[in-house]
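Chemist: show me the folded form of this:
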Amino acid sequence: MPYNRGSRHKPKWAGHAEYKGRKKWVGTFDSKEEYREARQRCLAELREEVENPGKQKVPTVLEFAGATIHEDGRITMTWPDGQRCQKEKGRKPSSVARLRDGLRQFVREHGDRPLDSFTRSEALTWVRPRGANIQQAVRQFFNHAVEHEHTPTNHFSRVGASKRKRRVDRHDFEIISDKQYARLRQCARASRTDEYGLVVEGAILAVGEAAIRPGEAFALHRDEVDYTENLVHVRFQIDSTTGKRVSPKDDDGRWVVMSPAFREHLERMPRSYSETILFPTVRSEYMRQPNWTHYWNAVRVAAGMPGQEFYELKHRAIQWMVDPVEDGGLGLDPATVAEMVGHDDGGYLIATVYTKLAQRRALARAQRAVSEYRQRQADSARHLHVVGEG
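Modeler: This next block holds a predicted model:
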């Protein structure tokens, strides 16, 4: 029997076809009639595979992707429907769109090739010059083919491409200073002649004080802020493709403690733009990336920081959480910070990255302190007077 992957009002029927111990993914369809027709085709294919194993035909790239190249050059496909996914709720629409975008070039160039016709040398030559998104999509596509026994091995995996370091891992990475952060807030307030500048500043505080991801901040509702317990309940994020509220990263909701500055700002932020959405657009809609880019670019340029990425304000919040109390931080342990910011690694990333940044900042503070001490010593020596004997 098919199961509904959609909702009661907008069903998406999906399931497997089975024949003598062999199973095949049917696909996802808008109606049961379409599903039943596709299931009959899958059963026929399974019957042929089981009863005539010598005649089994390896599908082409185009067939296995469920792809169609239209007359105008546009490519549509059903993959990755049916591919194994570790997440209980399946892939988000944005993830599906990204995988399909990454596979389109390969489908266009090699659509008529059987899946088992590629050699290792050919695979490396094609995939190594491509971007990370294309490499990931092609690798997952052939992992799927291996699972279905259409090819004995995935020649597109382990291509030896070096991973690009995250900015936070680079030796020259620096978290914005408190002065820069204050300047961004001031420029946000001044970016509009009306009260909407306070909404822009509020979004900056959500990321820079509480380490809430931008998509999660834009999905917040006012009733998800608990002023009694001083908590924000992060339950959704805005999908970058559809603009709808979906489950947050890794499907994990969490509670976030508000800093005094964040709480005070939320309490005085205007409600006139939306009674429901915490950080709405001027037109009372959910904020999406194109809208926010317009507001954020004006703020960072006015602050003299045109290259400052909005997401990187999260690093400032995390560093504040792990910095010791005597240095103006909260002094939280890595595991606690990881729970606050939505990491599911038990604090490993915090411990290996942000504590190193804290050490580097501590060294810089110590160097400044020694330099200031020397200056005080020199100033004191200049003011000494020699008193002669009477």
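
Chemist: which residues touch the spatially most central residue of the chain?
Modeler: Taking C-alpha atoms, centre = their mean, the centroid of the chain lies closest to K249, which sits 6.8 Å from it. Contact analysis of K249 by C-beta atoms under 8 Å, 6 or more residues apart in numbering lists 213, 237, 342. In this view, the C-beta of every residue, glycine as well, is placed from N, C-alpha and C.

Chemist: just the buried members of these?
Modeler: Neighbour-count burial within these applies to 213, 237, 342; the criterion is 16 or more other C-beta atoms under 10 Å.

Chemist: ok, now how distant is the first one from I238?
Modeler: To I238, R213 is 10 Å away according to C-beta to C-beta, to the nearest Å.

Chemist: now the last one
Modeler: For G342, the distance to I238 (C-beta to C-beta) stands at 15 Å.

Chemist: burial of the nearest residue to A219 once chain neighbours are set aside, as a residue count?
Modeler: The shortest distance from A219 to any non-neighbouring residue, by C-beta to C-beta, 6 or more residues apart in numbering, is to F236 (4.1 Å). F236 has 19 neighbours, counted by other C-beta atoms under 10 Å.

Chemist: who are the contact partners of E216?
Modeler: E216 neighbours (C-beta under 8 Å, 6+ apart): 234, 236-237, 248, 342.

Chemist: which residues in the stretch 101-250 of the chain form strands?
Modeler: Using DSSP state E, counting those that start in this stretch, the strands of the stretch 101-250 of the chain run over 225-226, 231-234, 237-238, 245-246.

Chemist: just checking: what are the partner strands of the third one?
Modeler: Sheet partners assigned to strand 237-238 using DSSP bridges are listed as strand 245-246 (antiparallel).

Chemist: what's the following helix or strand after the partner strand?
Modeler: In the C-terminal direction, the helix or strand that comes right after strand 245-246 (DSSP states H and E) is strand 254-257.

Chemist: what about the closest residue to I69 other than its chain neighbours, how many residues nearby?
Modeler: Distances taken as C-beta to C-beta, 6+ apart place I75 nearest to I69, at 5.4 Å, with adjacent residues excluded. Neighbour count of I75, defined by other C-beta under 10 Å: 18.

Chemist: one more: the one 4 residues further on?
Modeler: Residues lying near W79 (other C-beta under 10 Å) number 21.

Chemist: any weak-confidence spans in the stretch 151-300 of the chain?
Modeler: Applying pLDDT under 70 to the stretch 151-300 of the chain flags residues 161-173, 250.

Chemist: identify the residue nearest R84 in space, chain neighbours excluded?
Modeler: Sequence neighbours aside, E147 is the residue nearest to R84 in space, at 6.8 Å (criterion: C-beta to C-beta, 6+ apart).

Chemist: R91 versus the one you found, what's the distance?
Modeler: Taken as C-beta to C-beta, the span from E147 to R91 is 16 Å.

Chemist: which of those two has more neighbours?
Modeler: Ranked by neighbour count (other C-beta under 10 Å), E147 and R91 place R91 first, with 16 against 12.

Chemist: that one and Q140, how far apart?
Modeler: Using C-beta to C-beta, we find R91 at a distance of 11 Å from Q140.

Chemist: common neighbours of those two, please.
Modeler: Contact with both R91 and Q140 is made by residues 80, 99, according to C-beta under 8 Å, 6+ apart.

Chemist: about what we covered before: which among the contacts of K249 gets closest to T193?
Modeler: Of all the contacts of K249, R213 has the smallest distance to T193: 29.7 Å, by C-beta to C-beta.

Chemist: got a list of what that closest one touches?
Modeler: By C-beta under 8 Å, 6+ apart, R213 lies in contact with 207, 237, 248-249, 311, 314, 342.

Chemist: 7 Å instead, please
Modeler: R213 makes contact with 237, 249, 314, according to C-beta atoms under 7 Å, 6 or more residues apart in numbering.

Chemist: which residues does the first one bridge with?
Modeler: Pointing back at Q237 there. If you apply DSSP bridges, the partners that Q237 bridges to are V246.

Chemist: including distance to L103, could the contacts of R213 go into a markdown table?
Modeler: Shown next, in a markdown table, are those (distance: C-beta to C-beta, whole Å):
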| residue | distance to L103 |
| --- | --- |
| Q237 | 25 |
| K249 | 23 |
| K314 | 31 |
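
Chemist: can you pull out the helices in the stretch 101-250 of the chain?
Modeler: Here the stretch 101-250 of the chain has its helices, by DSSP state H, counting those that start in this stretch, at 120-127, 132-147, 178-189, 196-210, 214-218.

Chemist: so which of those helices is nearest Y19?
Modeler: Smallest distance to Y19 across these (C-beta to C-beta): 17.5 Å, for helix 132-147.

Chemist: between the closest one and helix 120-127, how many degrees?
Modeler: In terms of direction (axes from the mean of the first three to the mean of the last three C-alpha atoms, to 10 degrees), helix 132-147 departs from helix 120-127 by 150 degrees.

Chemist: quick check: mean pLDDT across helix 132-147?
Modeler: Per-region confidence: helix 132-147 scores 92 on mean pLDDT.
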